[in-house]
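Trainee: Below are the sequence and a predicted model for it; my questions follow.
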Amino acid sequence: MTEFDALTLEILWSRLITIVDEMAAIVVRTSFSTVVGAANDFG
């Protein structure tokens, strides 16, 4: 298995967090439910 150094892990983690944040914003923008839009309740 490939080992990553601390800098590489931090860069990958930051990218993953950014992707999740963008996906959440897209869900809120495209939702037809006021619950999702107002409360950010995706569940």
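Mentor: Thanks, I have it.
Trainee: Please work out how many residues are found near Val27.
Mentor: Val27 is flanked by 13 other residues according to other Cβ atoms under 10 Å. Every C-beta, even on glycine, is put in place using the N, C-alpha and C of the backbone.
Trainee: Just the pLDDT at it, thanks.
Mentor: Note on Val27: pLDDT of 83.
Trainee: Repeat that for Phe32.
Mentor: With respect to pLDDT, Phe32 has a value of 75.
Trainee: what residues are up against it?
Mentor: Shown in contact with Phe32 (Cβ atoms under 8 Å, 6 or more residues apart in numbering): no residues.
Trainee: so where do the helices sit in this structure?
Mentor: In the chain, the helices defined using DSSP state H lie at 6-30, 34-39.
Trainee: What part of the protein, helix or strand, is modelled with the least confidence?
Mentor: One helix or strand of the chain scores below all others by mean pLDDT, DSSP states H and E: helix 34-39, with a mean of 72.
Trainee: Relative to Ile26, how far out is Ala39?
Mentor: Relative to Ile26, Ala39 is positioned 17 Å away (Cβ to Cβ, to the nearest Å).
Trainee: let me fix that: Trp13
Mentor: Using Cβ to Cβ, one obtains 21 Å as the distance from Trp13 to Ile26.
Trainee: ditto for Val20
Mentor: Using Cβ to Cβ, Val20 is found at 11 Å from Ile26.
Trainee: and what of Thr18?
Mentor: Thr18 sits 13 Å away from Ile26, going by Cβ to Cβ.
Trainee: Let's check: the centremost residue of this protein is which one?
Mentor: Taking Cα atoms, centre = their mean as the criterion, Val20 is the residue nearest the geometric centre of the chain, at 1.1 Å.
Trainee: Could you list which residues are in contact with that one?
Mentor: No residues are in contact with Val20 under the rule Cβ under 8 Å, 6+ apart.
Trainee: what's the pLDDT at it?
Mentor: With respect to pLDDT, Val20 scores 93.
Trainee: The one 3 residues further on now?
Mentor: Met23 carries a pLDDT value of 90.
Trainee: Number of residues surrounding it?
Mentor: With other Cβ under 10 Å as criterion, Met23 counts 11.
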